[in-house]
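**Q** What would the 3D arrangement of this be:
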Amino acid sequence: MGGKLVVIEKEIKVVIGAGEYNNNPGWLQTQEEELNLLDEATWENLFAHNSITAILAEHVWEHLTYEEGIAAAKLCFKYLKPSGYIRCAVPDGYFPDEEYQNIVKIGGPGPKDHPAASHKIVHNYRTLSKMFEDAGYRVTLLEYCDDEGNFHFNDWSPEDGVIFRSKKFDPRNSDKLLFPSLIIDAIKP
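**A** This next block holds a predicted model:
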């Protein structure tokens, strides 16, 4: 009685700082209290090293300083499988709109209870790419504004992680670009 046992490994896909939305059904939705980008103990409780296929972080990394961002990227690196990736979206520091920049600026636009009040950095495609590259990743730009404020879009698949605040999915951007994100895939070699 010959036969082979076939084991299918389940992919682990994680949303960091999921908030109240579930734009990625089938992904593990987490909040900061249970999975903290700067506290390895919270990762050790849930995952083995080299076990995660994908991490999605939509408007999370701007709540970290540049140095904290590198530390968080390095922590994620330990838990990602080879060829695993982080799909990261942050406000775009090169989007040429004064009102948008006022909303996303460090410290936010006003009251301490505003979601942007805890912004510690406003990234552009150069700073975000360098941060992940310094942590060992290869970076692919998906949506971003260049140094002159021109918007660039490289088609990306929602199956690899939906970013709601994007040209592709945010209804505010259907007629005219009003609230873009800088979106990258940071891939572990």
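
**Q** only C-alpha atoms for contact and neighbour calcs from this point on.
**A** Fine.

**Q** if I look at L35, how far off is P180?
**A** Counting by Cα to Cα, to the nearest Å, the gap from L35 to P180 is 26 Å.

**Q** List the residues that contact the residue positioned nearest the centre of the chain.
**A** Computing the C-alpha centroid of the chain and ranking residues by Cα atoms, centre = their mean puts C88 first, at 2.0 Å. Counting by Cα atoms under 8 Å, 6 or more residues apart in numbering, C88 touches 56-59, 61, 183-186.

**Q** ok, A117 touching I106?
**A** Yes. With contact defined as Cα atoms under 8 Å, A117 reaches I106; the gap is 7.3 Å.

**Q** Scan the chain for its longest strand.
**A** Longest strand in the chain by number of residues (criterion: DSSP state E): strand 80-91.

**Q** contacting residues around whichever helix or strand comes after that strand?
**A** Under the assignment DSSP states H and E, the closest C-terminal helix or strand after strand 80-91 is helix 98-104. Residues from elsewhere that reach helix 98-104 (Cα under 8 Å, 6+ apart): 91, 93, 95, 108-109, 116, 119, 122, 178-179.

**Q** Show me which of the residues you listed is closest to H152.
**A** Among those, F95 lies closest to H152 (Cα to Cα), at 10.9 Å.

**Q** just so I have it, where are all the strands in this protein?
**A** So, for the chain - with DSSP E - the strands run 13-16, 28-29, 52-58, 80-91, 138-145, 151-153, 181-187.

**Q** Pick the most deeply packed of the ones you listed.
**A** When the strands of the chain are scored by mean count of other Cα atoms under 10 Å, the highest mean neighbour count falls to strand 181-187 (a mean of 26).

**Q** where does the nearest residue to P96 once chain neighbours are set aside fall, phi/psi-wise?
**A** Leaving aside its sequence neighbours, P96 sits nearest to G149 (Cα to Cα, 6 or more residues apart in numbering; 5.4 Å). Taking degrees, to the nearest 10, you get phi 90, psi 10 for the backbone angles of G149.

**Q** State the number of residues packed around G149.
**A** Look at G149: counted by other Cα atoms under 10 Å, it has 14 neighbours.

**Q** and L35 and P180? which has more neighbours close in?
**A** Legend: neighbour count by other Cα under 10 Å for L35 and P180, higher for P180 (24 against 21).

**Q** that older thread, could the strands of the chain go into TSV alongside distance to D170 and mean pLDDT?
**A** As requested, the strands of the chain are arranged in TSV below (distance: least, Cα to Cα, whole Å; pLDDT from 0 to 100):
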stretch	distance to D170	mean pLDDT
strand 13-16	18	96
strand 28-29	20	94
strand 52-58	13	97
strand 80-91	13	98
strand 138-145	13	98
strand 151-153	14	98
strand 181-187	10	98
